[in-house]
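[1] quick one: sequence and predicted model below, then my questions.
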Amino acid sequence: DQQVKQNSPSLSVQEGRISILNCDYTNSMFDYFLWYKKYPAEGPTFLISISSIKDKNEDGRFTVFLNKSAKHLSLHIVPSQPGDSAVYFCAANEGGNNRKLIWGLGTSLAVNP
Amino acid sequence: KAGVTQTPRYLIKTRGQQVTLSCSPISGHRSVSWYQQTPGQGLQFLFEYFSETQRNKGNFPGRFSGRQFSNSRSEMNVSTLELGDSALYLCASSRGLAANEQFFGPGTRLTVL
């Protein structure tokens, strides 16, 4: 049973436009959420994170929004660049002492010039 | 600062054999986590080591084991290999136990024939 779901396996956007990647979760105990980016033949790279006490976190072109009531988060990339083409993973950290990252299956983003 | 390194990068084994993978964390990082990545299951948490002790374990059979040395380097062992063990094995390090942000190595691609 996937506790973290990324329902769109792929997404294609034009350079300069906004990319919106979505993530849903089922476990209300998750208290920290992260986005990672992965290029082929490389390990995932940390991108941005958000604590459950916030509803928005911004870092340059990347903004993550958290809607706790809907158990939904999204990553916005504005403006999108061809170098952003990668697989994006959403991950969540359980609260308490048993902290481990639970991952979504990823969304492959293609930014077209 | 050197990143997380994993050796070997590629490995081909046959069913029934055993394999050992190695991970060197970022200098100063004391926590090492291991993940298995397959196309259908995404990133699945295997275990986490901190100060030479296993602190967290995922839902994998006992054929999967690991250890951590005093210099924080970690090894992962899989015995009696099965075809389904073919995957990308990723190692991630972080400063503290179950820290929110983990830094990944490039992975070891294991193929079981």
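    Arrived safely.
[2] for the residue lying closest to residue B:38 once chain neighbours are set aside, list each beta-bridge partner.
    Excluding the flanking residues, the one nearest residue B:38 by Cβ to Cβ, 6 or more residues apart in numbering or on different chains is residue B:87, at 4.7 Å. For the C-beta atoms, the positions are set from N, CA and C on the backbone; glycine is no exception. Taking DSSP bridges as the rule, residue B:87 bridges to residue B:110.
[3] residue B:87 against residue B:36, yeah?
    Yes. Contact status for residue B:87 versus residue B:36: in contact at 4.8 Å, counting by Cβ atoms under 8 Å.
[4] for the residue nearest to residue B:38, give me its contacts.
    Contact analysis of residue B:87 by Cβ atoms under 8 Å, 6 or more residues apart in numbering or on different chains lists B:36, B:37, B:38, B:110.
[5] so the closest residue to residue B:3 other than its chain neighbours: helix, strand or coil?
    Distances taken as Cβ to Cβ, 6+ apart place residue B:26 nearest to residue B:3, at 6.3 Å, with adjacent residues excluded. Taking DSSP: H, G, I helix; E, B strand; the rest coil as the rule, one finds residue B:26 in the coil state.
[6] for residue B:26, give me its contacts.
    Residue B:26 touches B:1, B:2, B:3, B:4, B:93, B:103, counting by Cβ under 8 Å, 6+ apart.
[7] residue B:66 too?
    B:34, B:46, B:47, B:49, B:54, B:74, B:75, B:76, B:77 are the contacts of residue B:66 under Cβ under 8 Å, 6+ apart.
[8] could you redo the last one with a cut-off of 6 Å?
    Going by Cβ atoms under 6 Å, 6 or more residues apart in numbering or on different chains, residue B:66 touches B:47, B:76.
[9] would you agree it falls within a strand?
    Yes. Counting by three-state DSSP, residue B:66 is located in a strand.
[10] ok and the residue in chain A nearest chain B?
    Nearest residue of chain A to chain B: residue A:43, at 3.0 Å (Cβ to the nearest Cβ).
[11] specify the beta-bridge partners of the residue nearest to that residue when sequence neighbours are not counted.
    Distance criterion Cβ to Cβ, 6+ apart; nearest residue to residue A:43, sequence neighbours excluded, is residue B:104 at 3.0 Å. Assessed by DSSP bridges, residue B:104 has beta-bridge partners residue B:92.
[12] distance of residue B:104 from residue A:15?
    With distances taken as Cβ to Cβ, to the nearest Å, residue B:104 is found 27 Å from residue A:15.
[13] so between those two, which is more surrounded?
    residue B:104 (22 against 14; other Cβ atoms under 10 Å in any protein chain shown).
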